[in-house]
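J.: Sequence isn't available, so here's the structure alone:
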DNA sequence: ATTGAAACACCTCAATT
DNA sequence: AATTGAGGTGTTTCAAT
């Protein structure tokens, strides 16, 4: 289904998703067409889900990043699952195990924006916020 | 520094980083050269940090994803900061505020792999693990 | 900062191995 | 599955505005 060459392709695309099929082929000694077939196969199988970019949010004026754990109040879970991705500040949302049921990664301009977001989230459950100091 | 057109370009590239400059130009009515100059400017400024892909780890046999909060033992922080990214299971690592100082996102084949990872991390601090049930 | 044009590279598809 | 070759498209560079 996926062989060692596919894993190599994934490795190079993870590092730079804008590499051309020709460039990828040169790196692993394969023709552009063969590379194309393999990449398309992985797209069709849903192994490659998306080609994206990483942005430096600080440089765009979003100086605050945080993880928020939510312990949703009884009966509110279905509702919050429907609306959580409509918050533009929420970049990632996961359901998790434990006494807290939702894990968010949020990006914000400043503490005031965080406060406003927490005010909104408080309606649905108890919040536990961890500010991100740096990437490692 | 960055104007509304740059933000538009970022928006399209976030959705599909393999779009050609010509395609991007068609979407926002700009010449390929102009698009290229703007994108390169954002790369040079470090606003665009990386072109990457999103992988469906489950389809590659990595069925387990988790967040791990670490409360590092006194004197161990410097050491773990140096080695944490050498763990192949660790996909993201952040320093955070709170009584726990490090937040990890890890991807694993199964519970046994998680157990082995936790055994290694226990040396440096107390661990608190949240399994990821699903993305929202 | 943007446009336009020419040379070059790349992508795609079909035929072939 | 991979390669090859051909036609169409995209990219790059540079001069001009």
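T.: Done, it's in. Predicted model only: the values in this text are computed from it and were never measured.
J.: gap between the two ends of stretch A:52-72?
T.: Taking Cα to Cα, to the nearest Å, the first and last residues of stretch A:52-72 lie 31 Å apart.
J.: ok now that stretch, how far from the chain's centre?
T.: Centre-to-centre, stretch A:52-72 and its host chain are 10 Å apart (Cα atoms, centre = their mean, to the nearest Å).
J.: That stretch vs DNA strand D: in contact?
T.: No. Stretch A:52-72 is not in contact with DNA strand D by Cβ under 7 Å from any atom of the strand; minimum separation 14.8 Å. The C-beta positions use only the backbone N, C-alpha and C, and glycine is treated the same way.
J.: Averaged pLDDT, that stretch. What do you get?
T.: The average pLDDT for stretch A:52-72 rounds to 98.
J.: Residue A:111 contacts residue A:64, doesn't it?
T.: Yes. If you go by Cβ atoms under 8 Å, residue A:111 and residue A:64 touch, sitting 6.7 Å apart.
J.: Between these two, which has more neighbouring residues?
T.: residue A:64 (18 against 11; other Cβ atoms under 10 Å in any protein chain shown).
J.: For chain A, which segments are assigned as strands?
T.: Assigned by DSSP state E, chain A shows strands spanning A:48-55, A:64-72, A:90-96, A:102-108, A:125-135.
J.: Make JSON lines from the ones you listed and add distance to chain B to it.
T.: Shown next, in JSON lines, are the strands of chain A (distance: least, Cβ to the nearest Cβ, whole Å):
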{"stretch": "strand A:48-55", "distance to chain B": "4"}
{"stretch": "strand A:64-72", "distance to chain B": "6"}
{"stretch": "strand A:90-96", "distance to chain B": "4"}
{"stretch": "strand A:102-108", "distance to chain B": "6"}
{"stretch": "strand A:125-135", "distance to chain B": "4"}
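J.: of all the ones you listed, which lies closest to residue B:35?
T.: When these are compared by Cβ to Cβ, strand A:48-55 sits nearest residue B:35, at 14.2 Å.
J.: what pairs with that closest one, and is each one parallel or antiparallel?
T.: Its sheet considered, strand A:48-55 pairs with strand B:48-55 (antiparallel) by DSSP bridges.
J.: Could you check how far the partner strand is from the centre of its chain?
T.: Counting by Cα atoms, centre = their mean, strand B:48-55 comes out at 9 Å from the chain centroid.
J.: Who does the residue nearest the centre of chain A form a beta bridge with?
T.: Centroid-nearest residue in chain A, with Cα atoms, centre = their mean: residue A:92, separated by 5.3 Å. Per DSSP bridges, the residues bridged to residue A:92 are residue A:105.
J.: contacting residues around it?
T.: A:104, A:105, B:135 (Cβ atoms under 8 Å, 6 or more residues apart in numbering or on different chains).
J.: Please apply the same query to residue A:107.
T.: Per Cβ under 8 Å, 6+ apart, neighbours of residue A:107: A:57, A:62, A:64, A:65, A:89, A:91.
J.: Recalculate using a threshold of 7 Å.
T.: By Cβ atoms under 7 Å, 6 or more residues apart in numbering or on different chains, residue A:107 lies in contact with A:57, A:62, A:65, A:89, A:91.
J.: coming back round to it: what separation is there between the residue nearest to the centre of chain A and DNA strand D?
T.: Plainly put, residue A:92 is 29 Å away from DNA strand D if you go by Cβ to the nearest atom of the strand, to the nearest Å.
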